[in-house]
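J.: how would this look folded up:
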Amino acid sequence: MKNLTLVVILVLIFCSVTHAQFVRGYGIKGGVVVANRSPSLVEDFPSEKTGFCAGIFLELVDVPFFSILTEVQYTQKGSKRETGSYLGDMSLGYITIPVLAKLTMKGNSFNPYLFAGPRIDILVSDDYTDIESKTPGEIGIPKFESSVFGADVGLGLETTALNPLKLLFEFRYNFDFTNSLEAPFKSKSRSFGFLIGVGL
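T.: Here you go, the predicted model:
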């Protein structure tokens, strides 16, 4: 409940500043995330799961070549489990909030860019399902931390061919600084994301 309240407050703050003079743009993004863990939770958990992400973004500091990109996204991570004939799917839901420095190379209609910066993930769900019976199951692993700190790096392409709309295409890599499992267990997440967005 505390995590959900924090998320609501952050979204309200995020939206309230969209009319400020230093706002460069805002919009929505969504895409596919391929996540893995190091080390994996247990030997019978494969290290890779495909999920999705979706959210809103706000771009601040309207100066040539440089801006600050802030986002609030829902991101799905986790892994799949196979023990003999037993199959299970672990799905972790996070509210992800990165603050990224963005460098843009201006062109006529296409603007490539790079970005990097810190990120906080707030855990909002952790579900485990028996794949064969489609029923909830027991994860049987240590509890996850309620928040994780990490970083995002990536590159993208922005097109203004549909002016005033901007289409965005991004590839990003994110990794954790802190453990996502409660002590004394250790496990950190890494993921690749492919996103498409629309902005103003």
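
J.: And for Thr159, the neighbour number?
T.: 15 (other CB atoms under 10 Å). Glycine gets a C-beta too; all of them are placed from N, C-alpha and C.

J.: Check the one 10 residues further on too.
T.: Neighbour count of Phe169, defined by other CB under 10 Å: 15.

J.: what's the closest non-adjacent residue to it?
T.: Excluding its sequence neighbours, the residue lying closest to Phe169 (CB to CB, 6 or more residues apart in numbering) is Leu157, at 4.8 Å.

J.: in this protein, which strand has the most residues?
T.: If you go by DSSP state E, the chain has its longest strand at strand 110-130.

J.: Name the residues of that one that come out as buried.
T.: Neighbour counts over strand 110-130 (16 or more other CB atoms under 10 Å) mark Asn111, Tyr113, Phe115, Ala116, Arg119, Ile120, Asp121, Ile122, Leu123, Tyr128 as buried.

J.: Repeat that for stretch 162-173.
T.: Neighbour counts over stretch 162-173 (16+ other CB under 10 Å) mark Lys166, Leu167, Leu168, Glu170, Arg172 as buried.

J.: can you list contacts of that stretch?
T.: 25, 27, 29, 31, 115, 152-161, 190-200 (CB atoms under 8 Å, 6 or more residues apart in numbering).
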